[in-house]
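# need a 3D model of the following:
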Amino acid sequence: MAVLLQQELDKLKKKLLVLGAEVEGRVKQSVQALLTGDIELATRVKKGDAQIDNIEIELEEDCLKILALHQPVAADLRFIVSVLKINNDLERVADLAVNIADRAIDLGNVARMKSPYDIATMAVLVENMLKMSLDSLVERDSALARKTIKNDDEVDMMHKGNFAKVKAAIKNDLPALEGLIFYLSISRYLERMADLATNIAEDVVYQVDGEIIRHGGIQKC
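Numbering: from 1, shown residues only. Sure, this is the predicted structure:
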């Protein structure tokens with residue numbers, strides 16, 4: 001039974017890593033589409049969302065089957081609980097990538113205008129956080145996961161600054177209101193991606209160290 005359980009857990013991890021790689025790719029594509037105005041690429045990101053949804057559903061079903069058939073405990077149970085949560089977070093990141101692709105298309109339908117803030121820099125930071133969280137999962141590296149979590153404050157500060165910049169731009173150029181609102185929503189989508197990368201990192205810490213560190217607290221399991 002223990003050998004069969006380990007085989008199922010290995011399959012689960014591989015499928016989760018496939019999902020992570022797919023989602024990471026979609027984020028990069030959506031940002032590229034936004035920065036370059038590539039409507040065709042943005043459309044591909046949107047059409048590919050169904051594939052992510054299907055993988056997410058399969059992973060959840062696999063987790064539930066393992067729980068029912070093998071009744072895992074201790075570290076194995078923590079692993080499955082983490083997979084369930086990370087699976088959901090990755091699907092939500094993919095949804096946000098679709099939202100950014102939508103905004104790229106929307107911006108293509110209004111007068112082309114410059115973003116009032118630095119999208120590229122913010123996107124790179126968020127992409128790095130997502131990569132770090134997934135690397136920490138692969139390597140079972142709780143130190144890297146904790147480092148990822150610390151980076152979230154920087155993204156939050158950038159989003160706050162972006163809000164102020166968009167607000168000022170609206171006052172100076174009211175006719176550009178629609179496009180500026182699109183840019184504000186993009187900043188929010190990136191900030192939410194960083195939150196989800198943080199969630200993944202927190203789940204890695206839980207999986208590896210048995211500590212629940214959400215909401216600034218530490219609880220040993």
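# point out where the chain drops to low pLDDT.
1, 215-221 (pLDDT under 70).
# what strand or helix carries the spatially most central residue of it?
Computing the C-alpha centroid of the chain and ranking residues by CA atoms, centre = their mean puts V93 first, at 3.5 Å. Per DSSP states H and E: V93 is located in helix 74-108.
# who does that helix touch, helix- and strand-wise?
Applying 3 or more CB pairs under 8 Å, 6 or more residues apart in numbering; DSSP states H and E, one finds that helix 74-108 contacts helix 2-36, helix 39-47, helix 49-70, helix 177-209. Placement of C-beta: from N, CA and C, glycine included.
# how about the contacts made by the residue nearest to the centre of the chain?
Residues in contact with V93 (CB atoms under 8 Å, 6 or more residues apart in numbering) are 23, 27, 130, 193, 196-197.
# save those as a markdown table, and put in neighbour count and distance to I105 too.
Putting the contacts of V93 into a markdown table (neighbours: other CB atoms under 10 Å; distance: CB to CB, whole Å) gives the following:
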| residue | neighbour count | distance to I105 |
| --- | --- | --- |
| V23 | 26 | 20 |
| V27 | 23 | 17 |
| L130 | 24 | 23 |
| M193 | 29 | 19 |
| L196 | 24 | 23 |
| A197 | 28 | 25 |
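# distance from the chain centre to stretch 176-183, please.
Centre-to-centre, stretch 176-183 and its host chain are 24 Å apart (CA atoms, centre = their mean, to the nearest Å).
# could you pull out the buried residues of that stretch?
Buried residues in stretch 176-183, counted by 16 or more other CB atoms under 10 Å: 176, 179-180, 182-183.
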